[in-house]
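Undergrad: Just the structure for this:
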Amino acid sequence: MNGGHGAHSYVKNSSYQGGVLEAAKAIIEEEIATKLEISTNSFCLADFGCSTGNNSFPAMHTIIEAVKLKYKSSYLKTPEFYVCFNDVISNDFNTLFNSLPSNRSYEVAAVAGDFHGRLLPPSSVHFAYSSWALQWLTEVPKPAVGLHSPAWKGGKRLYGVKREEVYEAYLNQFEMDLESFLKCRAVEMVKGGIMALLIPALPTYWDPRKEFTVASVIELLRSSLVDMAKKGRLSETKLDAFNFPYYIPTSEQVWAILQKSNSFCIERMEIMKSGTLLTVDGHVACFRAVHQNMLTHEFGAETIDESFDTLKKKLRTSPVYANPSNDKTLVVVAILKLKNV
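TA: Take a look at the predicted model:
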C-alpha cells in the first residue's frame with residue numbers, strides 16, 4: 001500500500017485507548033495550570049486525527065474545563081472556545097457533526113487534510129492535541145513494499161533485504177513524519193501554547209511466551225492474511241505488495257525524536273500502560289474497526305469476515321491472549337511547548 005493513510009482516517013478506536021485519557025487527564029490539567037500562557041478573548045483548540053469524535057469530545061471537554069479554571073484563577077474573563085477537528089479527507093465528518101455534544105461550550109470547524117502538512121493559519125492554535133494517530137505513516141517505506149518485504153516471510157533474507165532493514169526503514173519514516181508534524185504545528189501554534197500528544201508505544205522488551213502488545217496482534221492479523229492467501233481466498237500478488245502503513249515505536253524512540261525537535265521543548269513526558277484489558281473478542285472488534293476499510297480496499301469485501309474469524313481463532317488458541325492483563329502496550333503522554341526562537 002503506497003498511499004499510507006490516504007484511503008482511511010487516523011482511526012482512534014475507543015477500546016484500544018481504554019482509560020488512557022482518564023490517566024492522562026491529571027497530567028493535561030496540571031500542565032495547563034502551570035505552563036499554558038493566556039491573554040486572549042478567544043481560545044482555539046485543534047485535535048489532529050479526530051476520527052468521528054468518539055474519543056475527541058471527552059478530550060476537548062477536559063482541556064476546555066482546565067483552561068476555564070486557569071482563566072478564573074487568573075481573574076480573567078472566560079474566553080470563547082473554538083475547536084478544529086482534523087482528519088484526512090475521507091474521514092466521516094458527517095458522523096462527527098451529528099454526534100457533537102449538545103451541551104458543549106465551544107464552536108466547531110472541520111479541517112480536512114493530512115496533518116503532516118500545514119492546515120491552519122499561523123499563530124492561531126492555543127492548544128494542540130493528538131491521540132493514537134501519530135503512528136500512521138505518510139507511506140509504507142520502500143524496503144517494506146512488494147517482493148522486497150521480508151515482513152511476511154518470517155524474517156528470512158529476501159532479495160538482499162533483511163527484516164532488521166525493514167524495521168529501520170519504518171523507524172526512519174516514523175521519525176520523518178513526526179518531525180514534519182511538529183514543524184507544521186510550530187507555525188500554527190500561538191507563542192505560549194501547549195501541545196499534548198498521546199502515542200501508542202512498545203516496551204523495549206516483553207516475553208512473547210507470556211505477554212503481548214498491540215504489535216503482537218498486528219503480527220497475528222498479518223499471519224491470518226497469509227493463511228487466507230495460502231487457501232486461495234485472496235491474491236498472493238496483492239498480499240505481497242501490501243503492508244500496514246503505521247509504526248508503533250518504543251517510548252525511548254519517541255523521546256529521542258521529540259528531544260531533537262528544533263520547534264518544541266518537552267515540558268513533561270510520562271509512560272503509561274494502555275489499560276485496555278480487552279478480551280479476544282474485544283481485540284478482534286477493535287482491529288476490525290480500524291482495518292476493515294483498508295483491507296476491503298486491498299482484498300475485497302468478501303474476504304473480511306474470514307480474515308477476522310481467522311484472527312479470532314489464532315488469538316483463542318494462544319494462552320497468552322486469554323488474560324487481558326498480559327497486554328504490555330504502553331502510551332507515551334508528551335506535553336510540548338513552542339520554543340522561543
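
Undergrad: now the strands for the stretch 201-341 of the chain?
TA: 264-273, 330-338 (DSSP state E, counting those that start in this stretch).

Undergrad: Single out the most deeply packed of those strands.
TA: Among these, strand 330-338 has the highest mean neighbour count (mean count of other Cβ atoms under 10 Å), at a mean of 23. For glycine as for every other residue, the C-beta is placed from the backbone atoms N, C-alpha and C.

Undergrad: Please identify the pairing partners of that strand and their relative orientation?
TA: Strand partners for strand 330-338, identified by DSSP bridges, are recorded as strand 189-201 (antiparallel), strand 264-273 (antiparallel).

Undergrad: How far away from the center of its chain is that strand?
TA: 13 Å (Cα atoms, centre = their mean, to the nearest Å).

Undergrad: Same question for stretch 112-131.
TA: Relative to its chain's centre, stretch 112-131 lies at 15 Å (Cα atoms, centre = their mean).

Undergrad: ok so, going back, please tabulate the strands paired with strand 330-338 in a markdown table, including the columns mean pLDDT and distance to residue 211.
TA: Shown next, in a markdown table, are the strands paired with strand 330-338 (pLDDT from 0 to 100; distance: least, Cβ to Cβ, whole Å):
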| stretch | mean pLDDT | distance to residue 211 |
| --- | --- | --- |
| strand 189-201 | 96 | 15 |
| strand 264-273 | 95 | 12 |
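
Undergrad: Could you name the stretch from the strands of the stretch 201-341 of the chain that's closest to residue 48?
TA: strand 330-338 (12.8 Å; Cβ to Cβ).

Undergrad: Report the mean confidence score over the closest one.
TA: Here strand 330-338 scores 96 as its mean pLDDT.

Undergrad: C-alpha coordinates for that strand, CSV please?
TA: The C-alpha trace of strand 330-338 is given here as CSV (Å, rounded to 0.1, in the frame of the first residue of the first chain):
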residue,chain,number,x,y,z
LEU,A,330,2.3,1.5,26.5
VAL,A,331,1.1,5.0,25.8
VAL,A,332,3.5,8.0,25.8
VAL,A,333,1.9,11.1,27.1
ALA,A,334,4.1,14.1,25.9
ILE,A,335,3.5,17.7,26.8
LEU,A,336,5.3,20.1,24.4
LYS,A,337,5.7,23.8,24.3
LEU,A,338,6.8,26.0,21.5
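
Undergrad: Which among the strands of the stretch 201-341 of the chain is found nearest to residue 124?
TA: Judged by Cβ to Cβ, the one of those that comes nearest to residue 124 is strand 330-338, at 12.7 Å.

Undergrad: TSV for the strands of the stretch 201-341 of the chain, including distance to residue 198?
TA: As requested, these are exported to TSV (distance: least, Cβ to Cβ, whole Å):
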stretch	distance to residue 198
strand 264-273	9
strand 330-338	6
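
Undergrad: Residue 171: which of these is closest?
TA: strand 330-338 (14.9 Å).

Undergrad: what about this structure, any weak spots by pLDDT?
TA: Within the chain, the segments meeting pLDDT under 70 span 1-19, 144-162, 341.

Undergrad: quick one: furthest residue from the center of it?
TA: residue 75 (36.7 Å; Cα atoms, centre = their mean).

Undergrad: Regarding that one, which helix or strand does it belong to?
TA: For residue 75, there is no host helix or strand (DSSP states H and E).

Undergrad: circling back: out of the strands of the stretch 201-341 of the chain, nearest to residue 244?
TA: Residue 244 sits nearest to strand 330-338 of all the strands of the stretch 201-341 of the chain, at 19.1 Å, using Cβ to Cβ.

Undergrad: With distance to residue 229 as new columns, can the strands paired with strand 330-338 be given to me in a markdown table?
TA: What follows is the strands paired with strand 330-338, written out as a markdown table (distance: least, Cβ to Cβ, whole Å):
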| stretch | distance to residue 229 |
| --- | --- |
| strand 189-201 | 28 |
| strand 264-273 | 35 |
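
Undergrad: which stretch among those strands comes nearest residue 182?
TA: Nearest to residue 182, of those and by Cβ to Cβ, is strand 264-273 at 5.8 Å.

Undergrad: Please work out which residues outside that closest one touch it.
TA: 20, 23-24, 27, 31, 35, 182, 185-186, 194-195, 201, 251, 254-255, 258-259, 328-339 (Cβ atoms under 8 Å, 6 or more residues apart in numbering).

Undergrad: quick one: which of the strands of the stretch 201-341 of the chain is nearest residue 139?
TA: Nearest to residue 139, of all the strands of the stretch 201-341 of the chain, is strand 330-338, at 22.8 Å by Cβ to Cβ.

Undergrad: quick one, helices of the protein?
TA: For the chain, the helices defined by DSSP state H occupy 14-17, 20-35, 56-73, 93-98, 163-188, 214-230, 236-240, 251-259, 280-299, 304-317.
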